[in-house]
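Enquirer: Could you work out the structure for the sequence below:
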Amino acid sequence: MADFVGAVDQGTTSSRFMIFDHDGNEVAKHQLEHTQYLPKPGWVEHDPIEIWERTNVAIQNAVRSAGLQASDLAAIGITNQRETTVVWDPRTGRPYGNAIVWQDTRTDSIAKALERDGHGDLIRRRAGLPPATYFSGGKIKWILENVEGVRAAAEQGHALFGTTDCWVLWNLTGGPNGGIHATDVTNASRTMLMDLETLDWDDELLSIFNIPRAMLPTIYPSSHPEAFGTTRTSRPLSAPVPIAGVLGDQQAATVGQVCFAPGEAKNTYGTGNFLLLNTGTEAVRSEHGLITTVAYKFGDAPAVYALEGSIAVTGSAVQWLRDQLHAISDAAESERLAKTVDGSDGIYFVPAFSGLFAPYWRSDARGAIVGLARYHNNGHLARATLESICYQSRDVVVAMEQDSGVHLDVLKVDGGVTANDLAMQTQADVLGVPVSRPVVAETTALGAAYAAGLAVGFWQNTDELRQHWHESKRWDPQWTEEQRESGYAGWKKAVDRTLDWVEVE
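Expert: Okay, here's the model as predicted:
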């Protein structure tokens, strides 16, 4: 048996490849950013060719930097930005246009029409999702209706759909020369097209969206020794390696945080925030604005489900301070700048750049900074930006407790923002519960590696994986209950100010 497992982590802002040893320790990593295209207000796109090329380079460089060969890898897992939609020609491997990113809101009218035409309840019941711009089904429909020639190509079998896991997998396994067109249950559950009970594409949902079934990938378990094939030799690896696990990024982080028991939860702080609560083999239907999703399915074992609270803009609000306002030079400076003041002093920043996701689901909302006085400076704005991440997470925790009856004793956290001590202390203060970060903070890639390693016997079971989890740091709440409730009441007022800002057709 080879000594390592690799993981492709194809994210919203970058693609990277990580290598882990049997104890779950990072051995090597290479990461490359890709371009964010913003052609119109509300539109967010990526170039699929750029994503594939940079994933390819990341794999080569990570293996080389560790002094390893392809034969040293027992398996590879893939994790990805989930709802981002690619449609391509399988004969040439050329996309029919840029990928439509999960943050993109151009499908507003499609989502609203689904509700208006009475399809909303069926989609919620069957797919576990509300009709929203977030999910892939509306994006596929938009491409079929607006990109010239794609509808005809799809009907002739010359157009394939995939989320970015599927796109990377197809290219890794040969592309036009026999590439495997497949995805896993977690990514399929983000489309509005999969039945949560059967774990297969649903003909009635496909009919509602008018999407040809032939476009769609085969759905497999998240961890499977044979389903996803092997890498083709020479590019990017010199020998075939099994691709044995695929998980959407937030489900991968749930696995990486070893949240294998019902009631265990994690919160990932990336471009957005995603809080998942394991509900076991029961698909719990939310009545408070959350998503019912597949957490993972390992081999022939029953699928495990989760309640999820998806927040569109958290880490990307810090990126906005850097790239659009030029208030900071890098993400780490947000903490230094925020520490120049004792608090936000009445400022609230609601970064509803793409509307509000869970638990509000309001595409008519737009970003707002409220409570400004001439006294305030960029330190207060930086502080309010970090607080916005934490208040949005509290919105989701409140909804999750209402749906599940589970009160969190501790929140496991991961992702880039967790390197910001002030943000994590603020999160503990806002929630009133301890916040815990693991030693291996790259839990998304680790979860994909775990799924692949379990499939090929590199790890025997989830109990073995639990032994690898160790706490790096814990933040305990310091605010009084009065501070906590007063701050949250102000946040709710600020959210109200963002609503009904844009007209939705």
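Enquirer: Which secondary structure elements does the helix ranked longest in the chain sit against?
Expert: In the chain, taking DSSP state H as the definition, the longest helix is helix 378-404. Secondary-structure packing of helix 378-404 (3 or more CB pairs under 8 Å, 6 or more residues apart in numbering; DSSP states H and E): strand 265-269, strand 273-280, strand 304-311, helix 315-323, helix 332-338, strand 348-350, helix 421-431, helix 481-498. From N, CA and C alone the C-beta is placed, and that goes for glycine too.
Enquirer: mind giving me a markdown table with those and columns for mean neighbour count?
Expert: Below are the helices and strands packed on helix 378-404 laid out as a markdown table (neighbours: other CB atoms under 10 Å):
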| stretch | mean neighbour count |
| --- | --- |
| strand 265-269 | 27 |
| strand 273-280 | 25 |
| strand 304-311 | 26 |
| helix 315-323 | 20 |
| helix 332-338 | 19 |
| strand 348-350 | 25 |
| helix 421-431 | 22 |
| helix 481-498 | 15 |
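Enquirer: So for Tyr360, which of those sits nearest?
Expert: Smallest distance to Tyr360 across the helices and strands packed on helix 378-404 (CB to CB): 7.3 Å, for helix 481-498.
Enquirer: got the angle for the closest one vs helix 421-431?
Expert: Going by axes from the mean of the first three to the mean of the last three CA atoms, to 10 degrees, helix 481-498 is angled at 100 degrees with respect to helix 421-431.
Enquirer: thinking again about what came up before, including mean pLDDT, could the helices and strands packed on helix 378-404 go into a markdown table?
Expert: Output for the helices and strands packed on helix 378-404, formatted as a markdown table (pLDDT from 0 to 100):
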| stretch | mean pLDDT |
| --- | --- |
| strand 265-269 | 91 |
| strand 273-280 | 92 |
| strand 304-311 | 93 |
| helix 315-323 | 89 |
| helix 332-338 | 89 |
| strand 348-350 | 96 |
| helix 421-431 | 96 |
| helix 481-498 | 96 |
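Enquirer: quick one: the residue lying closest to Val101 once chain neighbours are set aside from Ser316, how far?
Expert: If you skip the residues right next to it in sequence, Val101 has Val44 as its closest partner in space, 4.0 Å away by CB to CB, 6 or more residues apart in numbering. Applying CB to CB, to the nearest Å, the value for Val44 to Ser316 is 10 Å.
Enquirer: next one: Val410
Expert: 26 Å.
Enquirer: can you give me how far the helix or strand following the longest helix of the chain is from the chain middle?
Expert: The helix or strand immediately downstream of helix 378-404 is strand 411-414, counting by DSSP states H and E. For strand 411-414, the separation from the chain centroid amounts to 15 Å (computed by CA atoms, centre = their mean, to the nearest Å).
Enquirer: so where do the strands sit in the stretch 151-300 of the chain?
Expert: 160-162, 182-184, 194-195, 200-201, 218-220, 243-248, 265-269, 273-280, 291-296 (DSSP state E, counting those that start in this stretch).
Enquirer: Any idea which of those gets closest to Lys112?
Expert: That would be, of those and by CB to CB, strand 291-296, which comes in at 18.6 Å.
Enquirer: could you give the angle of that closest one to helix 378-404?
Expert: Using the same axes, to 10 degrees: strand 291-296 against helix 378-404 is 80 degrees.
Enquirer: Please name every helix or strand in contact with strand 291-296.
Expert: Strand 291-296 packs on helix 185-188, helix 249-256, strand 273-280, strand 304-311, going by 3+ CB pairs under 8 Å, 6+ apart.
Enquirer: now with 6 Å?
Expert: helix 249-256, strand 304-311 (3 or more CB pairs under 6 Å, 6 or more residues apart in numbering; DSSP states H and E).
Enquirer: can I get the ones you listed in TSV with distance to Ile208?
Expert: As requested, these are exported to TSV (distance: least, CB to CB, whole Å):
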stretch	distance to Ile208
helix 249-256	25
strand 304-311	22
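Enquirer: in the stretch 1-150 of the chain, which spans are strands?
Expert: 4-10, 14-20, 26-33, 45-46, 73-80, 86-89, 94-95, 99-100.
Enquirer: Could you dump the ones you listed into CSV with distance to Arg151 added?
Expert: Shown next, in CSV, are those (distance: least, CB to CB, whole Å):
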stretch, distance to Arg151
strand 4-10, 27
strand 14-20, 30
strand 26-33, 33
strand 45-46, 20
strand 73-80, 26
strand 86-89, 11
strand 94-95, 16
strand 99-100, 16
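Enquirer: can you tell me which of those strands comes nearest to Leu247?
Expert: Per CB to CB, nearest to Leu247 of the strands of the stretch 1-150 of the chain: strand 73-80, 5.2 Å.
Enquirer: doesn't Ile100 make contact with Thr85?
Expert: Yes: between Thr85 and Ile100 there is a contact under CB atoms under 6 Å: 4.8 Å.
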